[in-house]
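[1] prediction below, plus the sequence it came from.
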Amino acid sequence: MVKIDARGLSCPQPVVMVQNATNANIRELEVIVNTVVSKENVMRYLSKKGYHISIKEEGDDFIILAKR
Amino acid sequence: MKNIFASKWGIVISGIFIAIVAIALQINGNPPNMGICVACFERDIAGALGLHRVSTVQYVRPEIIGFILGAFLAALVAREFKPRGGSSPVVRFFLGVFSMIGALVFLGCPWRAFLRLAGGDFNAILGLCGLAVGIFVGVICLKNGYSLGRSNTMKGISGLVFPFTMGGIFVLSILKLSASSEHALFFSATGPGSMHANLWLSFGAGIAVGAIAQRSRFCTMGAFRDAMLVKDFHLMSGVLALLMTATILNIALGKFNLGFENQPIAHSNHFWNFAGMVLAGFAFTLAGGCPGRQLFLAGEGDGDAAVFVIGMIVGAGLAHNFATASSSAGVGAFGPLAVVVGLIFCGVVGIFMREKMSK
């Protein structure tokens, strides 16, 4: 399990961080973002890469759990 | 609440809608192939405020203010209004300045580049190629860990300052407030600045586009960037929908004029059309959005995007005061030099503003 904290980073850095992890063949990821746009972008990328996704909301943050 | 505009069809519908609005505004008085141009319109606002004194390009474009307020309202309704900022504001300001300098060498933002192509202006091909190259260079920086750092959540008021200031400028323009003809606000009597659709039509169109684009995240720079970076063609499908719709409408209305020469508000210096947009594309990528997208982000409370927009407006003033902006007659005296300086600035920012890559 790799944790990625992409809070406060502007588009497309959250996706780039997640891409680095998926390129390293990480099968389980936890990504924290704090804007809806970042959430949408990360989810779109991960689902295209064949990950199963679940989402938790904690305060202002979205926690995306992804497994392959 | 599910966001239908973020879907595959939502982004396509956004592109179609923006094209229809742009062509409708052209029919109703906006300059040819310039139904909507974020760079040109911000330049006109800079002129209206007296930041430059080129009498042909001065008008408070209601579309720009509509974009910001439309995005602001849509973000409020969707509970996405979130004041934030503090991610390298000074760097973002100058990225805004240089992106405007580059765009005004070409004579248009990416939206107008597509609208120009849709009108048959082949010079736009050079601009769009330059845009793609600039974005490609920016993508290399992103892959190597480029970052302007994290933004912080801010107090509610800070997210209201920019939308309300721009709304205030709009109110001044309705009142045509000016101490004398020597003082701002300025309104062009001739030239592109004098060509505009009805004020309320422009404003309403701006609000509608702003709201839809806030929901769909429409971004021309992002379209190229995502295609190059992650082979994602989501945003590109919206941009292509805009291009196709505008082309079809122009052909249907008899406004399609194919070629390089005699194109409205354009010049045919191929190299600098290309190089100007390399600079603009590079700066947009480093700042994280095309000029339109920066307006929508500013509307939803992103203070860093607002700083970029202010940089663009100031950059437009500088571009005309220092003769770096082009005109139909050709490239400005200092346009080439300004593009080189801008590319050096972006290169330094792209290389040195890096985070350690996390493995």
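    Nice, I can see it.

[2] contacts and neighbour counts: CA atoms only from here.
    Noted.

[3] and the closest residue to B:Gln294 other than its chain neighbours, what element?
    Leaving aside its sequence neighbours, B:Gln294 sits nearest to B:Ala305 (CA to CA, 6 or more residues apart in numbering or on different chains; 5.1 Å). Element membership of B:Ala305, judged by DSSP states H and E, is helix B:303-321.

[4] also B:Gly138?
    helix B:123-143.

[5] quick one: mean pLDDT for that helix?
    Averaged over helix B:123-143, pLDDT sits at 98.

[6] mind giving me the packing neighbours of the helix or strand following it?
    Next helix or strand after helix B:123-143 toward the C-terminus (DSSP H and E): strand B:152-153. Counting by 3 or more CA pairs under 8 Å, 6 or more residues apart in numbering or on different chains; DSSP states H and E, the packing neighbours recorded for strand B:152-153 are strand B:84-85.

[7] just how off-centre is whichever helix or strand comes after the strand it packs on within its chain?
    Following strand B:84-85 in sequence order, the next helix or strand is helix B:89-106 (DSSP H and E). When C-alpha coordinates are averaged (CA atoms, centre = their mean, to the nearest Å), helix B:89-106 and its chain have centres 11 Å apart.

[8] please tell me how far the residue nearest to B:Gln294 sits from chain A.
    The span separating B:Ala305 from chain A equals 10 Å under the rule CA to the nearest CA, to the nearest Å.

[9] if we can go back for a sec, now do the helix holding B:Gly138 against helix B:89-106, angle only.
    Between helix B:123-143 and helix B:89-106, the angle formed by their directions is 160 degrees, by axes from the mean of the first three to the mean of the last three CA atoms, to 10 degrees.

[10] wait, does helix B:123-143 make contact with chain A?
    Yes - against chain A, helix B:123-143 shows contacts by CA under 8 Å from any CA of the partner chain at B:Leu142, B:Lys143.

[11] show me what counts as buried in that helix.
    When burial is assessed from 16 or more other CA atoms under 10 Å in any protein chain shown, helix B:123-143 yields the following buried residues: B:123-139, B:141-142.

[12] again, but for stretch A:34-46
    Buried residues in stretch A:34-46, counted by 16+ other CA under 10 Å: A:Asn34, A:Thr35, A:Val37, A:Ser38, A:Lys39, A:Val42, A:Met43, A:Tyr45, A:Leu46.

[13] contacts for it?
    Under the criterion CA atoms under 8 Å, 6 or more residues apart in numbering or on different chains, residues A:6-8, A:10-12, A:14-15, A:18, A:33, A:52-53, A:60-62, A:64, A:66, B:80, B:217, B:230, B:232 lie in contact with stretch A:34-46.

[14] one more time with 6 Å
    For stretch A:34-46, the surrounding residues in contact (CA atoms under 6 Å, 6 or more residues apart in numbering or on different chains) are A:Arg7, A:Val15, A:Asp60, A:Asp61, A:Phe62.

[15] go on, stretch B:270-279?
    Counting contacts by CA under 6 Å, 6+ apart, the residues outside stretch B:270-279 that touch it are B:Gly102, B:Ala103, B:Val105, B:Phe106, B:Leu126, B:Gly127, B:Gly130, B:Leu131, B:Val133, B:Gly134, B:Leu343.

[16] do that again at 8 Å, thanks
    Stretch B:270-279 is contacted by residues B:98-99, B:101-106, B:123-124, B:126-135, B:331, B:336, B:339, B:342-343, B:346 when judged by CA under 8 Å, 6+ apart.

[17] send the alpha carbons of that stretch over as CSV?
    The C-alpha coordinates for stretch B:270-279 follow below in CSV (Å, rounded to 0.1, in the frame of the first residue of the first chain):
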residue,chain,number,x,y,z
HIS,B,270,4.6,32.0,-39.7
PHE,B,271,7.6,31.7,-37.4
TRP,B,272,6.4,34.2,-34.8
ASN,B,273,2.8,32.9,-34.9
PHE,B,274,4.4,29.6,-34.0
ALA,B,275,6.9,30.9,-31.4
GLY,B,276,4.4,33.2,-29.7
MET,B,277,2.2,30.3,-29.0
VAL,B,278,5.1,28.1,-27.9
LEU,B,279,5.7,30.6,-25.1
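
[18] buried ones in that stretch?
    Residues of stretch B:270-279 classed as buried: B:His270, B:Trp272, B:Asn273, B:Phe274, B:Ala275, B:Gly276, B:Met277, B:Val278, B:Leu279 (neighbour count, 16+ other CA under 10 Å).

[19] likewise for stretch B:335-348?
    B:Gly335, B:Pro336, B:Ala338, B:Val339, B:Gly342, B:Leu343, B:Phe345, B:Cys346, B:Gly347.

[20] quick one: the one helix or strand the fifth one maps to to helix B:89-106, angle?
    Just to be clear, that refers to B:Gly342. Of the helices and strands defined by DSSP H and E, B:Gly342 is found in helix B:335-352. Using the same axes, to 10 degrees, one finds that helix B:335-352 and helix B:89-106 are set 140 degrees apart in direction.

[21] helices and strands around helix B:335-352, which ones?
    With 3+ CA pairs under 8 Å, 6+ apart as the test, helix B:335-352 has helix B:89-106, helix B:123-143, helix B:270-287 packed against it.

[22] report how many residues lie close to whichever residue of the stretch 151-300 of chain B sits closest to chain A.
    Using CA to the nearest CA, the single residue of the stretch 151-300 of chain B nearest to chain A is B:Ser151, 4.6 Å away. Counted with other CA atoms under 10 Å in any protein chain shown, residues neighbouring B:Ser151 total 20.
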